[in-house]
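Undergrad: sequence first, predicted model second:
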Amino acid sequence: MSFAPVVPFGGFAGWSFLTRTMEAQKQAFTGQASVQRDTDYFREKIGSVKTAEDLVSDRRLLRVALGAFGLQDDIDSRFFIHKVLSDGTLDTTDLANRLSDKSYYQLASAFAFDLATPGTQVSTFADGIIAAFQDRQFEEAVGGVNGDMRLALNARRELADLAGRQSSEDTKWFTILGSAPLRSLFQTAFGLPASFAGVDLDQQLGTMKDLAERYLGSDKVAQFAEPERVDDLIKLFLLRAQAREVASLSGGAVALSLLQNAQSGSLLSRLA
């Protein structure tokens, strides 16, 4: 029997419950036989992989490798992934450097098949990829229960990494705008409509920075190196998302939703 994450409430109350029970829920999720089989196989076999061809030729290894970077939907695009991995990242013309989704750059950089010693030959490599794979798989499972919670988990992971990068603040903001999950979270948190994506890119940048200053006290992406600032953003996002959902419901549906939340109190007492 598979384990499904438990998120009994929506909004910030649901997020508080999820973060409070995260360790136990992730342990139950990663302990499933299906996840264990994937990670055990990866740990056993990855050391024998020395080229991009070796990796894409083994579907089980490739599934974990792509899943660790949120690229599992590319599992059947072997030629494309082979090109990303074999090119590497050292030259500006390398495919990973030319793609707007920087997950491909992270994948190619981690495996480093363009170097004399690829990442697969480093003793700590398997542990790092497996941890990332488990995190992403858990996020996906949470998303099957509540999409907003998946966006929040993604933001907590991605923003901490982005904040510490050695790049300009504008480049970091453009990275956020180029990431569909992060863009969605920021637009909701700042009360921006979906049509905002059609505005001139430089104008989007200015608006994002202005609203970050207004709501978070700083227009710097670097602020998200502090977990408290990420939490402030997530709380704003979830409160706005919940308000938007409530506004779309009829009075009767709101009452039913509140009743269902109240009835799940016994579940909280068992898991919290």
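TA: Looks like it came in fine.
Undergrad: so where is the stretch 101-250 of the chain shaky, pLDDT-wise?
TA: Along the stretch 101-250 of the chain, the parts satisfying pLDDT under 70 run over 249-250.
Undergrad: pull the distance from stretch 62-81 to the chain's centre.
TA: Computed by C-alpha atoms, centre = their mean, to the nearest Å, the chain-centroid distance of stretch 62-81 equals 15 Å.
Undergrad: output that stretch as CSV, nothing but the C-alphas.
TA: The C-alpha trace of stretch 62-81 is given here as CSV (Å, rounded to 0.1, in the frame of the first residue of the first chain):
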residue,chain,number,x,y,z
LEU,A,62,18.0,7.8,-15.7
ARG,A,63,14.6,8.0,-13.8
VAL,A,64,16.4,8.8,-10.5
ALA,A,65,18.8,11.2,-12.2
LEU,A,66,16.1,13.2,-13.9
GLY,A,67,13.8,13.0,-11.0
ALA,A,68,16.4,14.6,-8.8
PHE,A,69,16.2,17.7,-10.9
GLY,A,70,12.5,17.7,-11.6
LEU,A,71,13.0,16.6,-15.2
GLN,A,72,11.3,13.2,-15.0
ASP,A,73,8.9,14.1,-17.8
ASP,A,74,12.0,13.9,-20.1
ILE,A,75,12.5,10.2,-19.5
ASP,A,76,11.6,9.3,-23.1
SER,A,77,13.7,12.1,-24.6
ARG,A,78,16.9,10.2,-24.6
PHE,A,79,18.6,12.0,-27.5
PHE,A,80,17.9,15.4,-26.0
ILE,A,81,19.1,14.4,-22.5
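Undergrad: for that stretch, what is the average pLDDT?
TA: For stretch 62-81, mean pLDDT rounds to 96.
Undergrad: find the residue closest to the spatially most central residue of the chain in space, skipping its chain neighbours.
TA: In the chain, the centroid-proximal residue (C-alpha atoms, centre = their mean) is N154; its distance is 3.0 Å. Nearest non-adjacent residue to N154, counting by C-beta to C-beta, 6 or more residues apart in numbering: P181, 4.7 Å away. From N, CA and C alone the C-beta is placed, and that goes for glycine too.
Undergrad: can you report phi and psi for that neighbour?
TA: In terms of degrees, to the nearest 10, the main-chain angles of P181 are phi -60, psi -40.
Undergrad: correct me, but it touches L153?
TA: No. Using C-beta atoms under 8 Å, P181 is not in contact with L153, being 9.7 Å away.
Undergrad: look at the two and report which has more neighbours.
TA: Neighbour count, other C-beta atoms under 10 Å: between P181 and L153, L153 has more, with 23 against 19.
Undergrad: what's the burial count for the residue lying closest to S103 once chain neighbours are set aside?
TA: In space, S103 comes closest to F69 once its chain neighbours are excluded; the distance is 4.7 Å by C-beta to C-beta, 6+ apart. Per other C-beta under 10 Å, the neighbour tally for F69 reads 22.
Undergrad: state the distance from Q203 to A155.
TA: 23 Å (C-beta to C-beta, to the nearest Å).
Undergrad: so between these two, which is more surrounded?
TA: Taking other C-beta under 10 Å, Q203 and A155 do not tie; A155 has more neighbours (24 against 10).
Undergrad: the protein - how does it break down into domains?
TA: Listed domain ranges for the chain are 31-132, 147-271 (source: automatic domain parsing).
Undergrad: out of the ones you listed, which is closest to F12?
TA: domain 147-271 (4.6 Å; C-beta to C-beta).
Undergrad: can you tell me which residues contact L66?
TA: Neighbour list for L66: 72, 74-75, 81, 107 [criterion: C-beta atoms under 8 Å, 6 or more residues apart in numbering].
Undergrad: now the buried members of those.
TA: Neighbour counting with 16 or more other C-beta atoms under 10 Å marks 72, 74, 81, 107 as buried within those.
Undergrad: no more questions from me, cheers.
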